[in-house]
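Asker: one predicted model, sequence on top.
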Amino acid sequence: MTNDARSTTGQPGPSGQPGPHARPEPSERRPWIGLRGRVALAVAFVGALATLTVGVLAYQATAARLSQDTDESLQQAAGVLLTRNVRGPGGATIGPRVFVPERLPGFDEYVVQLVSTDGEVVNASSGITLPVSTADLALAGREDGATVGTGTDNTGERWRIITVGVPGGAVQIARSLAGTDAVLADLGRRIGVLVILVTLGGAALGWLLAYGVTQRIRRLTTAATAVETSGDLDVPVPTEGNDEAGRLGRAFDRMLASLDESRRRQQQLVEDAGHELRTPLTSLRTNLDVLRRHPDLDPGVRAQVLDDLDRDTTELATLVEEVVAVAADRYDDGPPVPVALGPVASRVAARVSRRTGHQVVVDADDSVVSARPAAVERAVTNLVDNAAKFSPADAPIEVTVARGAITVADRGPGIPPDQLEAVFDRFHRTADARALPGSGLGLAIVAAVAADGGGRAYARNRQGGGTEVILELPAEPPPALT
């Protein structure tokens, strides 16, 4: 592979610079505000918004209530004044130039002002001049209406004013809004202080809550960084808590455990494969050395050496193929489909019989399983090939298919009882099998196919000698009759 080819995958090009398709390194710049700050701001904002909303509603309700109370008191005062002053004994009316009391008895906080029909202030109490609006003048001289409004006197003080029409003019009664304004101003200040306190308290609470969460996330980030830099998967991971951070930590811990187990199994596979590869490679090297040193070798011996080379090459190819399949943990990329086990067993039996010369007898029902066809056929081939290695030449190999189970029986030496489960481990070979060709991966692949299909694989010794190896897969129900 050339340097140009490497540069397209992100490796340095010939000049040592990154290739044209190299992925840029992710930015390590920290955000201007972290997760804790964002959570604190969010909680503070929600608290401030809620408090401010309640405060505004309370302010408006209080202002409306105070205004209503003031208007009701003005109307009451107007009724009292008109009864006592404007309307005399016996119901007789008097003109607008009436006596205006300095203080209205029973209503000391009110002021009174008399206005003529042309808008002139005829008389006023307390020396205060109230504003006269166009609406007020429209009532002068009439006895059928009243207006209520807000105005500012000659000193700049705000008043709530009721104007009532009387013969010859109008009477204005006013009440100062200084007390109401003071109450509302104090209420506004209290609401503002409360909003500030709630905002600060919300920010502090959000910071504390976020600190507990981000503390575990920071520890999780530290663990991930340690894995990245050191490659060591055995690092402590925070798993406490039942919230999202705790579940994330436990999921990360399980992921590291799975990766560690996968790495361990890969390393074991590499070590075992290297050990198994030494035998055929050594034989190949020895036979090639014999041919090289003895070019005039006897034709019979040469033929035997070539047969050995062919056997070793075939064994080496088979071993490499099965090692690759096991290392990839993939035996077929196709999706599971209904597979009739009887035809699969018949095809495998015919193929193995032609190749080995063994008689393979098949007894199958109409079992159908949901599986990957190539994977099932490979597993059955491994079972029959394995039986052919151990079964005597004159003893038939029996393949039985019943209710989703494929049983392959031989009349070989059998398996020691303490190794019936171990034969499905990778590269495991019994003492009797070590002298025979094989990779030690055939039954491991069978077990993997069984597990992938939701079934199981197991072995047992036969009555009268020999072994039965069974591959069980869940059988699909027969199609309904129509």
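Answerer: Everything's here; your move. Numbers count the residues shown, from 1 in each chain.
Asker: contacts and neighbour counts: CA atoms only from here.
Answerer: Will do.
Asker: show me where the protein has its strands.
Answerer: 110-116, 121-124, 146-152, 158-166, 169-176, 337-340, 360-364, 368-371, 397-402, 405-409, 456-461, 467-472 (DSSP state E).
Asker: sheet-wise, list the partners of the fifth one with their directions.
Answerer: Yep, that's strand 169-176 we're talking about. In the sheet, strand 169-176 lines up against strand 110-116 (antiparallel), strand 158-166 (antiparallel) (DSSP bridges).
Asker: hang on, the earlier thing: among the strands of the chain, which is nearest residue 188?
Answerer: strand 158-166 (18.5 Å; C-alpha to C-alpha).
Asker: how about residues contacting that closest one?
Answerer: 70-71, 74-75, 78, 86, 95-96, 136, 139-153, 170-178 (C-alpha atoms under 8 Å, 6 or more residues apart in numbering).
Asker: what's the answer for stretch 359-367, then?
Answerer: Identification of contacts with stretch 359-367 by C-alpha under 8 Å, 6+ apart yields 340-342, 345-346, 349-350, 352-353, 394-404, 475-476.
Asker: where does the prediction get shaky in the stretch 151-300 of the chain?
Answerer: 268-269, 271-280 (pLDDT under 70).
Asker: can you list the residue ranges for helices in it?
Answerer: Taking DSSP state H, counting those that start in this stretch as the test, the helices found in the stretch 151-300 of the chain are 178-230, 244-293, 299-328.
Asker: can you redo those as TSV with distance to residue 409 and mean neighbour count?
Answerer: Converted to TSV, those look like this (distance: least, C-alpha to C-alpha, whole Å; neighbours: other C-alpha atoms under 10 Å):
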stretch	distance to residue 409	mean neighbour count
helix 178-230	48	16
helix 244-293	27	15
helix 299-328	23	16
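Asker: could you identify which of the strands of the chain has the lowest mean pLDDT?
Answerer: Across these, strand 121-124 has the smallest mean pLDDT, namely a mean of 75.
Asker: okay, now the nearest residue to residue 194 once chain neighbours are set aside: neighbour count?
Answerer: Excluding the flanking residues, the one nearest residue 194 by C-alpha to C-alpha, 6 or more residues apart in numbering is residue 51, at 7.4 Å. Using other C-alpha atoms under 10 Å, residue 51 is surrounded by 20 other residues.
Asker: hang on, residue 51 packs against residue 193?
Answerer: No. Taking contacts as C-alpha atoms under 8 Å, residue 51 lies outside contact range of residue 193: 10.4 Å.
Asker: now that we have the contacts of stretch 359-367, which of them are buried?
Answerer: Neighbour counting over those (16 or more other C-alpha atoms under 10 Å) leaves 340-342, 345-346, 349-350, 352-353, 396-404, 475 as the buried ones.
Asker: circling back to that earlier point, pipe the helices of the stretch 151-300 of the chain into JSON lines and attach distance to residue 423 per row.
Answerer: As requested, the helices of the stretch 151-300 of the chain are arranged in JSON lines below (distance: least, C-alpha to C-alpha, whole Å):
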{"stretch": "helix 178-230", "distance to residue 423": "35"}
{"stretch": "helix 244-293", "distance to residue 423": "15"}
{"stretch": "helix 299-328", "distance to residue 423": "15"}
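Asker: looking at the ones you listed, which is nearest to residue 374?
Answerer: Between residue 374 and those, the shortest separation by C-alpha to C-alpha is 12.6 Å, and it involves helix 299-328.
Asker: report the separation between the closest residue in space to residue 149 that isn't next to it in sequence and residue 47.
Answerer: Closest residue to residue 149 apart from its sequence neighbours, by C-alpha to C-alpha, 6+ apart: residue 161 at 5.4 Å. Using C-alpha to C-alpha, to the nearest Å, residue 161 is found at 40 Å from residue 47.
Asker: those two: which has the busier surroundings?
Answerer: residue 161 (28 against 21).
Asker: ok, what's across the strand from that one?
Answerer: residue 149, residue 174.
Asker: distance-wise, check it relative to residue 140.
Answerer: 15 Å.
Asker: what do you get for residue 270?
Answerer: Counting by C-alpha to C-alpha, the gap from residue 270 to residue 140 is 111 Å.
Asker: please apply the same query to residue 149.
Answerer: Taking C-alpha to C-alpha, one finds residue 149 at 16 Å from residue 140.
Asker: who has more neighbours out of those two?
Answerer: Neighbour totals were compared for residue 149 and residue 140, and residue 140 leads with 26 against 14 (other C-alpha under 10 Å).
Asker: tell me the pLDDT of the more buried one.
Answerer: pLDDT for residue 140: 79.
Asker: hmm, residue 147 and it touching each other?
Answerer: No. Contact between residue 140 and residue 147 fails when scored by C-alpha under 8 Å: they sit 11.2 Å apart.
Asker: contacts only, for the residue nearest to residue 309 when sequence neighbours are not counted.
Answerer: Nearest residue to residue 309, sequence neighbours excluded (C-alpha to C-alpha, 6+ apart): residue 284, at 5.9 Å. For residue 284, the contact set (C-alpha under 8 Å, 6+ apart) comprises 308, 309, 312, 313.
Asker: now do 10 Å
Answerer: Applying C-alpha atoms under 10 Å, 6 or more residues apart in numbering, we find residue 284 in contact with 278, 290, 305, 306, 308, 309, 310, 311, 312, 313, 316.
Asker: which residues are in contact with the closest residue to the fifth one other than its chain neighbours?
Answerer: For residue 308, ignoring the flanking residues on the chain, the nearest one in space by C-alpha to C-alpha, 6+ apart is residue 287 at 7.5 Å. Under the criterion of C-alpha under 10 Å, 6+ apart, the contact list for residue 287 reads 281, 293, 302, 304, 305, 306, 307, 308, 309, 312.
Asker: output these in JSON lines; the columns should cover distance to residue 445.
Answerer: Putting the contacts of residue 287 into JSON lines (distance: C-alpha to C-alpha, whole Å) gives the following:
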{"residue": "281", "distance to residue 445": "23"}
{"residue": "293", "distance to residue 445": "40"}
{"residue": "302", "distance to residue 445": "36"}
{"residue": "304", "distance to residue 445": "32"}
{"residue": "305", "distance to residue 445": "31"}
{"residue": "306", "distance to residue 445": "30"}
{"residue": "307", "distance to residue 445": "28"}
{"residue": "308", "distance to residue 445": "27"}
{"residue": "309", "distance to residue 445": "26"}
{"residue": "312", "distance to residue 445": "22"}
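Asker: okay, now residue 55: neighbour count?
Answerer: Neighbour tally, residue 55, other C-alpha under 10 Å: 19.
Asker: please report how far the closest residue to it other than its chain neighbours lies from residue 444.
Answerer: Nearest non-adjacent residue to residue 55, counting by C-alpha to C-alpha, 6+ apart: residue 191, 5.6 Å away. Note on residue 191: its distance to residue 444, by C-alpha to C-alpha, is 75 Å.
Asker: now do residue 365
Answerer: As judged by C-alpha to C-alpha, residue 365 and residue 444 stand 26 Å apart.
Asker: which one's more surrounded, these two?
Answerer: More crowded of residue 365 and residue 444, by other C-alpha under 10 Å: residue 444, with 22 against 15.
Asker: so where is the stretch 301-450 of the chain shaky, pLDDT-wise?
Answerer: Checking the stretch 301-450 of the chain against pLDDT under 70 turns up 315, 318-319, 322-334, 426-441.
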